[in-house]
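Participant: Need coordinates for the following:
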Amino acid sequence: MIDSPRRPAAPPSTPAGIALGLVMCAIALITLALALADDLGDPAFFALIGAELLLTAAMGALFGASHKQSTTDAAQRQRDEEALAALEPLHGGEQR
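Facilitator: Down below sits the predicted model:
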């Protein structure tokens, strides 16, 4: 197989990964609001808990999407390596 002197680049950040980070920040802010609020009424308390649960579900969906994308990228990388390995005999013994 062809060995490259360069190290592989870091994977680019995906929109799902960026959204996952923002959702985690939103959950942290809601938790902070719940902890610091002294006179929070029942409707507001339950609304914040509901929003936190929805964001947690969204975080799980985004994590699943980003995991699926990384699995797809790994499969593509494997196919590329197999294609390069198949082309290696075509190079022959030529020296440059």
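
Participant: rest of the way, CA atoms for contacts and neighbours
Facilitator: Will do.

Participant: quick one: the lowest-mean-pLDDT helix or strand in the chain to chain centroid distance?
Facilitator: One helix or strand of the chain scores below all others by mean pLDDT, DSSP states H and E: helix 42-91, with a mean of 82. Here helix 42-91 shows a centroid-to-chain-centroid distance of 5 Å under the convention CA atoms, centre = their mean, to the nearest Å.

Participant: Quick check: which helices or strands does it pack against?
Facilitator: If you count contacts as 3 or more CA pairs under 8 Å, 6 or more residues apart in numbering; DSSP states H and E, helix 42-91 packs onto helix 15-36.

Participant: List the contacts of the helix it packs on.
Facilitator: Outside helix 15-36, the residues that touch it by CA atoms under 8 Å, 6 or more residues apart in numbering are F45, L48, E52, L55, T56, A58, M59, L62, F63, A65, S66.

Participant: Now with 10 Å, please.
Facilitator: 14, 40, 44-45, 48-49, 51-56, 58-67, 69 (CA atoms under 10 Å, 6 or more residues apart in numbering).

Participant: angle of that helix against helix 42-91?
Facilitator: In terms of direction (axes from the mean of the first three to the mean of the last three CA atoms, to 10 degrees), helix 15-36 departs from helix 42-91 by 150 degrees.
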